[in-house]
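Colleague: quick check, what structure comes out for this input:
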Amino acid sequence: MSTRLIKSRPQSGASFVLCVDNSEYPASLELHKIYRMIADRGALERGDLRVVDESGEDYLYPADWFIPIDLPPDIRVKLTRRSRRSSKR
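Modeller: A predicted model of the protein is given here:
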């Protein structure tokens, strides 16, 4: 299975997922790490999630490799700011 890079669209509010399977892409995903997920209805309908991985880019990965998690608002803001800052480098 290959991942596909597609430029992300602006989103309102960030969602986060926990990686529970990185067996096919250990360099791109760290097991048990929290990743930012970008809303993509089409990907979800195909069983994928759009995730910002270790490269700082968003790729499609199988949804069953992740568990959605709820974070407190203050943590969500901190993670969103950090990921945006990292992607500007």
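Colleague: please enumerate the strands of this structure.
Modeller: 15-19, 34-38, 48-52, 58-62, 66-69 (DSSP state E).
Colleague: could those strands go into TSV alongside mean pLDDT?
Modeller: Listed next are the strands of the chain as TSV, based on pLDDT from 0 to 100:
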stretch	mean pLDDT
strand 15-19	96
strand 34-38	96
strand 48-52	97
strand 58-62	97
strand 66-69	96
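Colleague: kindly reformat those strands as TSV containing distance to Ile75 and mean neighbour count.
Modeller: C-beta: built from backbone N, CA, C; applies to glycine. Below are the strands of the chain laid out as TSV (distance: least, C-beta to C-beta, whole Å; neighbours: other C-beta atoms under 10 Å):
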stretch	distance to Ile75	mean neighbour count
strand 15-19	9	18
strand 34-38	9	20
strand 48-52	16	22
strand 58-62	21	21
strand 66-69	10	14
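Colleague: among these, which is nearest Thr80?
Modeller: Proximity to Thr80 (C-beta to C-beta) singles out strand 34-38 among those, at 7.0 Å.
Colleague: who are the packing partners of the closest one?
Modeller: Helices and strands touching strand 34-38, by 3 or more C-beta pairs under 8 Å, 6 or more residues apart in numbering; DSSP states H and E, are strand 15-19, strand 48-52, strand 66-69, helix 73-87.
Colleague: ok, that strand: who's next to it in the sheet?
Modeller: Take DSSP bridges as the rule and strand 34-38 pairs in its sheet with strand 15-19 (antiparallel), strand 48-52 (antiparallel).
Colleague: could you dump the strands of the chain into JSON lines and include distance to Thr80?
Modeller: Shown next, in JSON lines, are those (distance: least, C-beta to C-beta, whole Å):
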{"stretch": "strand 15-19", "distance to Thr80": "9"}
{"stretch": "strand 34-38", "distance to Thr80": "7"}
{"stretch": "strand 48-52", "distance to Thr80": "10"}
{"stretch": "strand 58-62", "distance to Thr80": "14"}
{"stretch": "strand 66-69", "distance to Thr80": "14"}
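Colleague: may I see the helices and strands packed on strand 34-38 organised as CSV, with distance to Ile38 added?
Modeller: Shown next, in CSV, are those (distance: least, C-beta to C-beta, whole Å):
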stretch, distance to Ile38
strand 15-19, 8
strand 48-52, 4
strand 66-69, 12
helix 73-87, 10
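Colleague: thank you kindly, that will do.
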